[in-house]
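[1] Just to be clear, the model below is a prediction. Sequence and coordinates:
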Number of protein chains: 2
Amino acid sequence: MRAGLGIGALSKRTGVHIETIRYYERIGLIPPPPRTAGRHRVYDEAMARRLAFIARMRALGFTLDEVRTFLALVDGGRYSCAQVRDLTLAHRETVRRKIADLQALEAALGDMAAACHGDAVPDCPIIDRLGHLV
Amino acid sequence: MRAGLGIGALSKRTGVHIETIRYYERIGLIPPPPRTAGRHRVYDEAMARRLAFIARMRALGFTLDEVRTFLALVDGGRYSCAQVRDLTLAHRETVRRKIADLQALEAALGDMAAACHGDAVPDCPIIDRLGHLV
DNA sequence: GATAGGATCTGTAGGAACTACAGGTTCAAG
DNA sequence: CTTGAACCTGTAGTTCCTACAGATCCTATC
């Protein structure tokens, strides 16, 4: 494995399991990479970054279909400029809502940790902060 | 269905599918509610809020096991004060990382939308911003 | 070159987290 | 009472991984 990364190295670099990488290739989320004569996959740094991006987006709660739309933005050639603008603004709203929720959660956790300096466990306000209804 | 919510109403209130609510009950994430004589589930407002919280945490990328630990904080009586403190601080770090990633994504999307005012679709920097390796 | 052990292959099966459906019962409005 | 919507239980299917088996490839060491 000379001039690139094998799948195991890629897995370590990105935190994505080997089987998951192969799954992503199978469902078309990442392109099939070049192979050695022995059929081993060879990945480059750009692919490592792409995969790290995918992993992050998943950890942030975006579905694979949502990740696909983000990747389509990156890959280009698919949307007009107006569509890109609409798409990014819509996604941005989703992102802002997630940020707001996480900030509420962080504040609640911080409050709770700060209140926890004696023997009495304080009430945890996270449902008050994040259990509001639609 | 008089003095509470049926499962359909709860589903509408929280955005969680009926089958998902029943699934959550089956796996012990939410307690079984009281029933009518006809076996219909009856939920109260506290349960609606709990479920909305769960839905939000899932949308933010937390696994059900992570949600369980949060709920254990809420339900109390399970951890000492020191454990609560350790747990909330550890969770808070996770939350902060998610916030940072989302803020990077939001900024990238905002930049892209702002750059998209002509015919030429700009390059999308989201992988540059979120594809950094571990 | 031979060997050994780790890395990787393909394909299949299973787990987690839902999601849908079927056949039946309950509920509430007219 | 009737009707149609809401709900029940149980089973099966989908999505997104995750694990495993049997085989091949790769690389380091002798």
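    Looks like it arrived, so ask away.

[2] and A:Met47, what helix or strand is that in?
    helix A:45-59 (DSSP states H and E).

[3] ditto for A:Gly28
    Per DSSP H and E, there is no helix or strand for A:Gly28.

[4] if we can go back for a sec, the helix holding A:Met47 and DNA strand C, any residue contact?
    No: using C-beta under 7 Å from any atom of the strand, helix A:45-59 stays clear of DNA strand C, with a minimum separation of 12.2 Å. In this view, the C-beta of every residue, glycine as well, is placed from N, C-alpha and C.

[5] same check, this time on stretch A:24-31
    No: for a cut-off given as C-beta under 7 Å from any atom of the strand, stretch A:24-31 has no contacts with DNA strand C; the smallest distance is 8.5 Å.

[6] Which neighbouring elements make contact with the longest helix seen in chain A?
    Using DSSP state H, we find that the single longest helix of chain A is helix A:81-115. For helix A:81-115, the elements it packs on are helix A:64-75, helix A:126-130, helix B:45-59, helix B:81-115, judged by 3 or more C-beta pairs under 8 Å, 6 or more residues apart in numbering or on different chains; DSSP states H and E.

[7] For DNA strand D, which of these is the nearest?
    DNA strand D lies closest to helix A:64-75 among the helices and strands packed on helix A:81-115, at 3.7 Å (C-beta to the nearest atom of the strand).

[8] Of the helices and strands packed on helix A:81-115, which shows the lowest average pLDDT?
    Lowest mean pLDDT of the helices and strands packed on helix A:81-115: helix A:126-130, a mean of 82.

[9] want to try TSV for the helices and strands packed on helix A:81-115, with mean neighbour count as columns?
    Below are the helices and strands packed on helix A:81-115 laid out as TSV (neighbours: other C-beta atoms under 10 Å in any protein chain shown):
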stretch	mean neighbour count
helix A:64-75	16
helix A:126-130	20
helix B:45-59	20
helix B:81-115	18
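
[10] okay if I get those helices as a markdown table plus distance to DNA strand D?
    Below are these laid out as a markdown table (distance: least, C-beta to the nearest atom of the strand, whole Å):
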| stretch | distance to DNA strand D |
| --- | --- |
| helix A:64-75 | 4 |
| helix A:126-130 | 23 |
| helix B:45-59 | 12 |
| helix B:81-115 | 16 |
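
[11] Next, format those as CSV and append distance to B:His132.
    Listed next are those as CSV, based on distance: least, C-beta to C-beta, whole Å:
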stretch, distance to B:His132
helix A:64-75, 15
helix A:126-130, 28
helix B:45-59, 24
helix B:81-115, 9
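
[12] Which of those helices sits closest to A:Arg13?
    helix B:81-115 (17.6 Å; C-beta to C-beta).

[13] Now do that closest one: distance to the chain's middle.
    Distance of helix B:81-115 from the chain centroid (C-alpha atoms, centre = their mean, to the nearest Å) equals 14 Å.

[14] Now do that helix and helix A:81-115, the angle between them.
    If you take axes from the mean of the first three to the mean of the last three C-alpha atoms, to 10 degrees, helix B:81-115 sits at 160 degrees to helix A:81-115.

[15] how many degrees apart are helix B:81-115 and helix B:64-75 in direction?
    Using the same axes, to 10 degrees: helix B:81-115 against helix B:64-75 is 120 degrees.
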